[in-house]
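1. below: sequence and its predicted model.
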Amino acid sequence: MEKVRRSEDEWRALLTPEEYHVLREGGTEPPFSGEYNDTKTVGVYRCRACGAELFRSETKFESHCGWPSFYAPADSDAVVLLEDRSHGMVRTEVRCARCDSHLGHVFHGEGYGTPTDDRYCINSVSLTLEPAEPQ
């Protein structure tokens, strides 16, 4: 996968202020506010910054956490996981492997009842949804 590299000025020109804050500064949208939190549309979720395929709708589940939740990325190489010690806690940050944009966090082994027992808690503003072609 070819990496996408842009200057911060280029990112600011491409993204809205909210998108820039989440994707480039590691911000978070308010819970239950994102456009994909409750969607059931079948398709592919892509990085809003670079278009890389990140998640598929068949791995999306209702976690009731306030953000879209997935139990696995589309491909193990689609995301990068980093230790995040901000806000007085230890979490695992999820970033786009192609453009290094912040997506959200992943939580492991908390009884989610999913095939992986993982919850990728992803900001809607960091995603775009490409609906599947009607069959």
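-> Received it, and whenever you're ready, just let me know what you need.
2. need the contact list for Ser32.
-> One correction, residue 32 is Phe, not Ser. Going by Cβ atoms under 8 Å, 6 or more residues apart in numbering, Phe32 touches Gly66. C-betas here are computed from N, CA, C, even on glycine.
3. separation between it and Ser124?
-> 10 Å (Cβ to Cβ, to the nearest Å).
4. got the CA positions of whichever helix or strand Leu23 is part of in PDB?
-> Using DSSP states H and E, Leu23 sits within helix 17-25. Extracted in PDB, the C-alpha atoms of helix 17-25 (Å, rounded to 0.1, in the frame of the first residue of the first chain):
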ATOM      1  CA  PRO A  17     -12.200  21.900  10.700                       C
ATOM      2  CA  GLU A  18     -14.000  19.000  12.500                       C
ATOM      3  CA  GLU A  19     -12.500  16.300  10.200                       C
ATOM      4  CA  TYR A  20      -9.000  17.900  10.700                       C
ATOM      5  CA  HIS A  21      -9.400  18.000  14.500                       C
ATOM      6  CA  VAL A  22     -10.300  14.300  14.600                       C
ATOM      7  CA  LEU A  23      -8.200  12.900  11.800                       C
ATOM      8  CA  ARG A  24      -5.000  14.900  12.200                       C
ATOM      9  CA  GLU A  25      -5.100  16.100  15.900                       C
END
